[in-house]
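Colleague: What shape does this take:
(4 chains)
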Protein chains: 2
Amino acid sequence: MTEAKEAAPAMPRLTGALEPRASWPATGCSLARAIDVVSTRSAFLLLREAFYGTSRFDDFATRAGISEPVAAARLRELVEAGLLTRAEYREPGQRARLAYRLTEKGADLFPALAALMEWGDRWLAEDGGPIGLRHRDCGEPVAVELRCAAGHRTSPGELDLVHRRR
Amino acid sequence: MTEAKEAAPAMPRLTGALEPRASWPATGCSLARAIDVVSTRSAFLLLREAFYGTSRFDDFATRAGISEPVAAARLRELVEAGLLTRAEYREPGQRARLAYRLTEKGADLFPALAALMEWGDRWLAEDGGPIGLRHRDCGEPVAVELRCAAGHRTSPGELDLVHRRR
DNA sequence: TAGCTGGCTTGCGCTGCCCTAAGTCAGTCC
DNA sequence: GGACTGACTTAGGGCAGCGCAAGCCAGCTA
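Modeller: Now for the predicted structure:
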């Protein structure tokens, strides 16, 4: 809540057929499609728990802090969307249970969740947030970065948006 | 919809006070807080347009493909949350208009949106998605990466989750 | 002064997300 | 064979997000 003397952050630049913005519709936008898959708060929280290693129905509901009907509905949707799989497993002397596990498609959302969490740590938490990521091999903190294929670390202002051939 | 012979992707590991997961609640989770700020589809789409350089009310509504009442409500919320600012500007001979611009806080969400878009490109688009990011200086494509402070590129399976001192 | 335009607001009704509370059902444990 | 547990489903109701269709107002243009 400091006084905003905003220095208008630099943004990506539209290039080629994308310029001006008014000349094209955003149909087929991959961001919109991604949001259609994980739009709800409950879906995000269930995925968070999946990344924390949760696999059982009741654990998902209580740890994500959502009701069982919502957990059931959302887990079903995430399975249908291919982000989770249900696998039967049986501990000795126990009856068969269902475990929900991330598929490769679901696991590949990790950077997006990590980026959101990092933003929340930076802008919404008083103390930097309760949970951090560390590289196991070297113990250093891990952050989300935008890098080009040549290895340069980039900021949004250094980027061009390009229209891919279709 | 291929047959799932999933090889269970490696996930981050809980360490220290975070292990086992059942021993702590996720109160104060930065991901949950971030989602509370930008939970709705319309908020994401408006932010997308802000990153594309849109600044006027009508343009936001039509380019994001949402109705004006929703655009008005969501823009107001995003301003209140500090992601956008309203600035009056006047072109010569025109009356004053309002421009919505990203604040530093809003602009800092770019990696998260880029990560979601990248995921959508990879898993939901047939052809890799309509829009790509390039590094202006070298022309190389840009991707979201998880890197530790020592510069190592990491995958989720190489990460530890740690509890930050409070 | 009358019209036009940008930037909204208001009033509807629909749908979807979410909650609580209660019920179901299969398999184990005692 | 009765209780228990995990994994759900069903029922009922509230509220939020959304679209459509109007309406409103300030300032500029004619």
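
Colleague: which is the next helix or strand following the helix or strand containing residue A:119?
Modeller: Counting by DSSP states H and E, the element that carries residue A:119 is helix A:110-123. Moving toward the C-terminus from helix A:110-123, the first helix or strand encountered (DSSP H and E) is strand A:131-135.

Colleague: is it true that residue A:15 touches residue A:160?
Modeller: Yes - here residue A:15 lies in contact with residue A:160, judged by CB atoms under 8 Å, at a distance of 4.7 Å. The C-beta positions use only the backbone N, C-alpha and C, and glycine is treated the same way.

Colleague: Can you pick out the residue with more neighbours from these two?
Modeller: Between residue A:15 and residue A:160, counted using other CB atoms under 10 Å in any protein chain shown, the more crowded position is residue A:160 (19 against 14).

Colleague: just to confirm, which helix or strand has that one in it?
Modeller: Secondary-structure element containing residue A:160, defined by DSSP H and E: strand A:159-163.

Colleague: List the buried residues in that strand.
Modeller: With burial defined by 16 or more other CB atoms under 10 Å in any protein chain shown, the residues of strand A:159-163 counted as buried are A:159-162.

Colleague: what subset of those is also close to DNA strand D?
Modeller: Residues shared between those and the neighbourhood of DNA strand D: none [CB under 7 Å from any atom of the strand].

Colleague: Make CSV from these and add pLDDT and distance to residue A:118 to it.
Modeller: Putting these into CSV (pLDDT from 0 to 100; distance: CB to CB, whole Å) gives the following:
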residue, pLDDT, distance to residue A:118
A:159, 94, 19
A:160, 93, 24
A:161, 93, 23
A:162, 91, 26
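
Colleague: out of those residues, who's nearest residue B:96?
Modeller: When these are ranked by distance to residue B:96 (CB to CB), residue A:161 comes first, at 29.8 Å.

Colleague: Bridged to the closest one, which residues?
Modeller: In this structure, residue A:161 has the following beta-bridge partners (DSSP bridges): residue A:14, residue B:133.

Colleague: how close does whichever residue of chain A sits closest to DNA strand C sit to DNA strand D?
Modeller: Among the residues of chain A, residue A:95 lies closest to DNA strand C, at 2.7 Å counting by CB to the nearest atom of the strand. If you measure residue A:95 against DNA strand D using CB to the nearest atom of the strand, to the nearest Å, the figure is 8 Å.

Colleague: burial measure for that residue, as a count.
Modeller: Under the neighbour criterion other CB under 10 Å, residue A:95 is assigned a count of 6.

Colleague: ok now do it, which residues does it touch?
Modeller: With contact taken as CB atoms under 8 Å, 6 or more residues apart in numbering or on different chains, residue A:95 is in contact with no other residue.

Colleague: pLDDT weak spots in chain A?
Modeller: A:1-7, A:90-94, A:96, A:165-166 (pLDDT under 70).

Colleague: how's it carved up into domains?
Modeller: The record, using automatic domain parsing to delimit domains, assigns chain A the ranges A:10-24+A:109-166, A:39-104.

Colleague: before we move on, the earlier item: JSON lines please, covering the buried residues of strand A:159-163 and showing distance to residue A:52.
Modeller: Output for the buried residues of strand A:159-163, formatted as JSON lines (distance: CB to CB, whole Å):
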{"residue": "A:159", "distance to residue A:52": "32"}
{"residue": "A:160", "distance to residue A:52": "37"}
{"residue": "A:161", "distance to residue A:52": "34"}
{"residue": "A:162", "distance to residue A:52": "37"}
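
Colleague: Which of these sits closest to residue B:112?
Modeller: Closest approach between those and residue B:112, by CB to CB: residue A:159, at 14.9 Å.
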